[in-house]
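> here is a sequence with its predicted model. Questions after.
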Amino acid sequence: MNKVFLIGNLTRDPELTETQSGVKICRFSIAVNRNFTGADGERKVDYFNCVAWRQLAETVARFTRKGNKVAVSGTIETRSYEDSQGIKRNAIDIVAQDVEFLTPKGNGGSGDEYEPAPSNYNQGYGSGGGSRTQKPKLQPFDDDSDIPF
């Protein structure tokens, strides 16, 4: 089974491009803190390159920016390529199947309002039940005049 779950902060703004056949692709990277500190007392950080496709790619590019906290679930994919000097290199990517936006609206708001996620943002993968939406604002209602007692 190939499944990965990561929570971290975007290290740069996402880059939305398109393949030659017109399929949208969004590349972004996240920094994930480790659960422990090193011998020097510093918390270690791992960096992951992520890729989202199609509708999810458009959504990630539209609703996230550098520094935003996201939860990514997907699969690990390895690939090989030749660099500009002809040296064979290996790369590891996280292919996102679901992305949940965890940064409060307004970057440091009260914490109870979240950036709304558009419907169908997870491309139909996973449970899709993780999006947070804004809480409705209640209006005062005075209907005491119709009460019979």
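Nice, I can see it. Residues are numbered from 1 along each chain as shown.
> just the strands in the chain please.
4-10, 15-18, 24-37, 43-53, 69-82, 88-101 (DSSP state E).
> of all those, which lies closest to A61?
Closest approach to A61 among those (C-beta to C-beta): strand 15-18, 3.8 Å. Heads up, the C-betas are built off the backbone N, CA and C, glycines and all.
> mind listing what that closest one pairs with, with the direction of each?
The strands beside strand 15-18 in its sheet (DSSP bridges) come out as strand 24-37 (antiparallel).
> what's the angle from the strand it pairs with to strand 69-82?
110 degrees (axes from the mean of the first three to the mean of the last three C-alpha atoms, to 10 degrees).
> who touches strand 24-37?
With C-beta atoms under 8 Å, 6 or more residues apart in numbering as the contact definition, strand 24-37 has outside contacts at 6-19, 43-58, 60-61, 64, 70, 72.
> let's see 6 Å
6, 8-11, 14-18, 43-54, 57-58, 60-61 (C-beta atoms under 6 Å, 6 or more residues apart in numbering).
> if we can go back for a sec, in JSON lines: the strands of the chain, plus mean neighbour count and mean pLDDT.
Below are these laid out as JSON lines (neighbours: other C-beta atoms under 10 Å; pLDDT from 0 to 100):
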{"stretch": "strand 4-10", "mean neighbour count": "16", "mean pLDDT": "96"}
{"stretch": "strand 15-18", "mean neighbour count": "12", "mean pLDDT": "94"}
{"stretch": "strand 24-37", "mean neighbour count": "16", "mean pLDDT": "93"}
{"stretch": "strand 43-53", "mean neighbour count": "15", "mean pLDDT": "94"}
{"stretch": "strand 69-82", "mean neighbour count": "14", "mean pLDDT": "94"}
{"stretch": "strand 88-101", "mean neighbour count": "17", "mean pLDDT": "94"}
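> tell me the bridge partners for F48.
I30.
> go on, V70?
Under the criterion used (DSSP bridges), V70 bridges to G8, F101.
> contacting residues around it?
V99, F101, L102 are the contacts of V70 under C-beta under 6 Å, 6+ apart.
> among those residues, which one lies nearest to T78?
Using C-beta to C-beta, the contacts of V70 come closest to T78 at V99, 20.9 Å.
> is it true that the closest one touches V60?
Yes: when contacts are counted by C-beta atoms under 6 Å, V99 is listed as touching V60 (5.5 Å).
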